[in-house]
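when you get a sec, could you give me coordinates for this:
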Amino acid sequence: MCRDEKIHIAVAETSPIVSSGISYCLRRLPGLQVHVVEVNTYLDLVDCISTSPIDVVVVNPTFGGVFDPSALRSQVNYDFKIMAIEIGVLDRQTRSLYDDALSIVDDMTTMVSKIKNLCKGDEDKPSDKEPLSQREKEIIKLLVKGLTNKEIADQLCLSVYTVNTHRRNISNKLQIHSATGLTIYAIVNQLVDLSEISLG
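The predicted structure follows:
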């Protein structure tokens, strides 16, 4: 979690007013660089976490009916924190399912403190980049050539889930979270030739 200078947050809320308001505040937290993605369906949330480096999910406890944080964690099998959006007062049992809660009455200082506390502990992890496996290098080559996860899975005889897992591992090891950054890495490290890269 919190693998680079930016903290990647997914806001899962069906109300555009609440979602936009929380996103607006998160992007402007003093002393933090936050990248926010808004999703309004459960499937979009799962897809977002499966394909992007999400550190924190900020979610309404009624998202998708009744939101189950443990079900999302087991479905995605990926390390991230989950904060409840607290519009009213959450009962103790619901509150215990989440890592923290972000209240709509929190001021900016409180929001910064809560986000930083969720990211604590990761700063102590070693920052040395782990070497890429041969399979991860193959996946990078295919990604920068413009292949989709499904096409990569078919070509390498893997499941799409395995390709997604490799992509997350690549992002974590390299601390690169954009297609452009990955392309530059592949060129600099001679994994691909410039003529092999998909520009469209």
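
helix or strand right after the longest helix along the chain?
Across the chain, the helix with the greatest residue count (assigned by DSSP state H) is helix 160-174. Read in the C-terminal direction, the helix or strand following helix 160-174 is helix 179-188, with elements assigned using DSSP states H and E.

by how many degrees do that following helix and helix 160-174 diverge?
With axes from the mean of the first three to the mean of the last three CA atoms, to 10 degrees defining the directions, helix 179-188 sits at 70 degrees from helix 160-174.

only the buried residues of helix 179-188, if you could.
The neighbour-count criterion (16 or more other CB atoms under 10 Å) identifies 182-183, 185-186 as the buried residues of helix 179-188. No exception for glycine: its C-beta is placed from N, CA and C like everyone else's.

show me what that helix packs onto, helices and strands only.
Other helices and strands packing on helix 179-188, by 3 or more CB pairs under 8 Å, 6 or more residues apart in numbering; DSSP states H and E, are helix 134-144, helix 160-174.

any chance of the buried residues of helix 179-188 in CSV, plus distance to Lys173 and pLDDT?
Conversion of the buried residues of helix 179-188 to CSV gives the following (distance: CB to CB, whole Å; pLDDT from 0 to 100):
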residue, distance to Lys173, pLDDT
Leu182, 12, 80
Thr183, 16, 80
Tyr185, 11, 80
Ala186, 14, 80
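
circling back: export the helices and strands packed on helix 179-188 to a markdown table and tack on mean pLDDT?
As requested, the helices and strands packed on helix 179-188 are arranged in a markdown table below (pLDDT from 0 to 100):
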| stretch | mean pLDDT |
| --- | --- |
| helix 134-144 | 88 |
| helix 160-174 | 85 |
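
how about these, which one is nearest Val46?
Between Val46 and these, the shortest gap by CB to CB is with helix 160-174, which sits at 10.7 Å.

what about that closest one, distance to the chain center?
For helix 160-174, the gap between its own C-alpha mean and the chain's C-alpha mean amounts to 12 Å (CA atoms, centre = their mean, to the nearest Å).

can you check stretch 30-41 too?
For stretch 30-41, the distance between its averaged C-alpha position and the chain's averaged C-alpha position is 10 Å (CA atoms, centre = their mean).

can I get it as PDB, trimmed to CA atoms?
Taking C-alpha atoms only, stretch 30-41 is exported to PDB below (Å, rounded to 0.1, in the frame of the first residue of the first chain):
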ATOM      1  CA  PRO A  30      -2.600  19.300   2.200                       C
ATOM      2  CA  GLY A  31       0.800  17.500   2.200                       C
ATOM      3  CA  LEU A  32      -0.500  14.400   0.300                       C
ATOM      4  CA  GLN A  33      -0.600  13.600  -3.400                       C
ATOM      5  CA  VAL A  34      -3.800  11.600  -4.000                       C
ATOM      6  CA  HIS A  35      -5.000  10.000  -7.200                       C
ATOM      7  CA  VAL A  36      -8.800   9.400  -7.100                       C
ATOM      8  CA  VAL A  37     -10.900   7.100  -9.200                       C
ATOM      9  CA  GLU A  38     -14.700   7.200  -8.800                       C
ATOM     10  CA  VAL A  39     -16.800   4.100  -9.300                       C
ATOM     11  CA  ASN A  40     -20.500   3.600  -9.000                       C
ATOM     12  CA  THR A  41     -21.000  -0.200  -9.300                       C
END
